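Asks: Fold the following.
(one chain, ligands or ions: 3)
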Amino acid sequence: MNNTRKRILLLGANGQVGWELQRTLASLGEVIALGRDRLDLAQVENIGSCLADIQPALIVNAAAYTAVDKAEEEPEQAMAINGDAPGVLAETARQQGAALIHYSTDYVFDGESASPYRETDTPRPLNVYGQTKLAGEEAIAAVGGAYLILRTSWVYGLRGRNFLLTMQRLAQERERLKVVDDQWGTPTWSRLIAEGTAQIIAQSRGQMQDYIRQQAGTYHLSCGGKTTWYGFARIILDRLAQRTTPVARLEAIPTSGYPTPAPRPAFSSLDNTHVQDTFGIQLPDWKEALGLALSD
Ligand SMILES: NC(=O)C1=CN([C@@H]2O[C@H](COP(=O)(O)OP(=O)(O)OC[C@H]3O[C@@H](n4cnc5c(N)ncnc54)[C@H](OP(=O)(O)O)[C@@H]3O)[C@@H](O)[C@H]2O)C=CC1
Ligand SMILES: Cc1cn([C@H]2C[C@H](O)[C@@H](COP(=O)(O)OP(=O)(O)O[C@H]3O[C@@H](C)C(=O)[C@@H](O)[C@H]3O)O2)c(=O)[nH]c1=O
Ligand SMILES: [Mg+2]
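Replies: Ligands and ions are numbered 1, 2, ... in the order given. As a prediction, this is how the structure comes out:
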């Protein structure tokens, strides 16, 4: 196998997951890590020539439009990045013999299930972000071939924009903090998603396209257990109070007490059995992972 065939193109390299992938992918091939400045996925006409220049064996797409509320006002922009670009990436990858790993979200589900969602459950997104992410999944699956869609949930890390950092900031700016206690899901540390992705790729033993083609499909990859946004905030504030004071008083509220442009699912935990059975990957319980992240 010549060297260019082991090139890994990482898109969204400055995002929460992309940043961690820069490190975890490094031992698996020659990583070309691009941010929006180098390839703007809203300009789908530029994707083909970019891939032709780089000739990757594998594309890992961690780029996305992730502003859930803003997407309600900018559905075209969100659809271009989350819905259209992934289909073009998949088609270009197919033409060039490359594999594609792409990420999606628990927000493709409507939240009406009483038990964690499996890959066989039918998506029904409640908001524009979820609709555009589902469109991206469908576009990739329609091309077929060597692709993996990894759905994850409630991603946080120590950099970027996420609920953990928002709570840490607000807890120091305010006296009271009200957080919804009736939306259930599973916080997942960005680093663990990147490590899980690297473990999957490592199992290909250099035969990335063949291996991913054999295992092609959608997999749920999140931490274990479940909580509410309030439950997540509770631990974040308790930990913060151990090292700084004062910290805001936290109050549990219903969804109706925190109106947002985009409706969110009331329950969106993912069942990770399939990724565990196929690749032997199991991420820790969300609380354990949060402890690891906070002591990093
Ligand atoms: N965040 C979450 O809670 C969850 C995320 N996911 C999915 O996981 C994946 C990774 O998400 P995460 O790392 O959290 O997202 P982030 O928002 O942290 O990062 C996304 C990256 O995509 C880039 N990007 C946005 N628009 C474009 C564009 N037009 N062209 C190129 N790059 C662009 C952003 O660049 P810039 O900084 O310039 O905007 C940013 O670096 C995504 O597919 C997301 O849908 C799934 C479940 C939960
Ligand atoms: C800031 C804040 C939010 N909330 C509520 C609003 C919302 O219902 C919930 C979560 O708020 P956020 O806007 O931070 O999270 P949100 O943007 O909905 O997070 C989602 O992002 C996308 C990208 C995903 O794919 C999902 O898995 C999920 O992680 O908490 C409060 O109740 N109080 C607050 O002070
Ligand atoms: Mg948000």
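Asks: Contacts for the strand or helix carrying residue 102, please.
Replies: Using DSSP states H and E, residue 102 falls within strand 99-105. By C-beta atoms under 8 Å, 6 or more residues apart in numbering, the list of residues contacting strand 99-105 from outside reads 17, 57-62, 64, 86, 89-90, 93, 129-130, 133-134, 136-137, 140, 145-153, 193, 197, 200-201, 208-209, 212-213, 218. For the C-beta atoms, the positions are set from N, CA and C on the backbone; glycine is no exception.
Asks: ok, now with 6 Å
Replies: Strand 99-105 is contacted by residues 58-61, 86, 89-90, 93, 133, 137, 140, 146-151, 208-209, 212 when judged by C-beta atoms under 6 Å, 6 or more residues apart in numbering.
Asks: On the pLDDT front, check the closest residue to residue 145 other than its chain neighbours for me.
Replies: Closest residue to residue 145 in three dimensions, ignoring its sequence neighbours and counting by C-beta to C-beta, 6 or more residues apart in numbering: residue 94, at 4.8 Å. Per-residue confidence for residue 94 comes out at a pLDDT of 95.
Asks: Then the one 3 residues further on?
Replies: The pLDDT attached to residue 97 in the predicted structure is 93.
Asks: out of the contacts of strand 99-105, who's near ligand 1?
Replies: Contacts with ligand 1 are made by residue 133 out of the contacts of strand 99-105, judged by C-beta under 6 Å from any ligand atom.
Asks: Any figure for the gap between residue 278 and ligand 2?
Replies: Distance from residue 278 to ligand 2, counting by C-beta to the nearest ligand atom, to the nearest Å: 22 Å.
Asks: Residues of this structure that sit close to ligand 2?
Replies: Within the chain, the residues that sit near ligand 2 (C-beta under 6 Å from any ligand atom) are 66, 68, 105-107, 153-155, 163, 166, 170, 177-180, 183, 229, 258, 260, 264.
Asks: what's the weakest-modelled helix or strand in the chain?
Replies: In the chain, no helix or strand scores lower on mean pLDDT, DSSP states H and E than helix 47-54, which sits at a mean of 92.
Asks: Would you double-check that residue 56 falls in a strand?
Replies: No. Assessed with DSSP: H, G, I helix; E, B strand; the rest coil, residue 56 is coil; it does not lie in a strand.
Asks: how deep is the spatially closest residue to residue 271 that is not a sequence neighbour tucked in, by neighbour count?
Replies: Of all residues beyond its chain neighbours, the one nearest residue 271 is residue 116 (3.9 Å), with distances taken as C-beta to C-beta, 6+ apart. Neighbourhood size, residue 116 [other C-beta atoms under 10 Å]: 22.
Asks: Dihedrals phi and psi, residue 116?
Replies: phi -50, psi 140 (degrees, to the nearest 10).
Asks: Quick one: residues contacting it.
Replies: Listed by C-beta under 6 Å, 6+ apart, the contact partners of residue 116 are 269-271.
Asks: Spit out the contact partners of residue 282.
Replies: With contacts defined as C-beta under 6 Å, 6+ apart, residue 282 is in contact with residue 276.
Asks: Would you check how far apart it and residue 248 are?
Replies: Residue 282 sits 34 Å away from residue 248, taking C-beta to C-beta, to the nearest Å as the criterion.
Asks: Over to residue 192?
Replies: From residue 192 over to residue 248 the distance is 28 Å, taken as C-beta to C-beta.
Asks: Could you check which of the two has the larger neighbour count?
Replies: Using other C-beta under 10 Å as the criterion, residue 192 and residue 248 rank with residue 192 on top: 25 against 19.
Asks: now the more buried one, nearest residue through space, not along the chain?
Replies: Excluding its sequence neighbours, the residue lying closest to residue 192 (C-beta to C-beta, 6+ apart) is residue 283, at 4.9 Å.
Asks: name the element the one you found belongs to?
Replies: When secondary structure is defined by DSSP H and E, residue 283 falls outside every helix and strand.
Asks: now residue 259
Replies: Secondary structure (DSSP H and E) places residue 259 outside all helices and strands.
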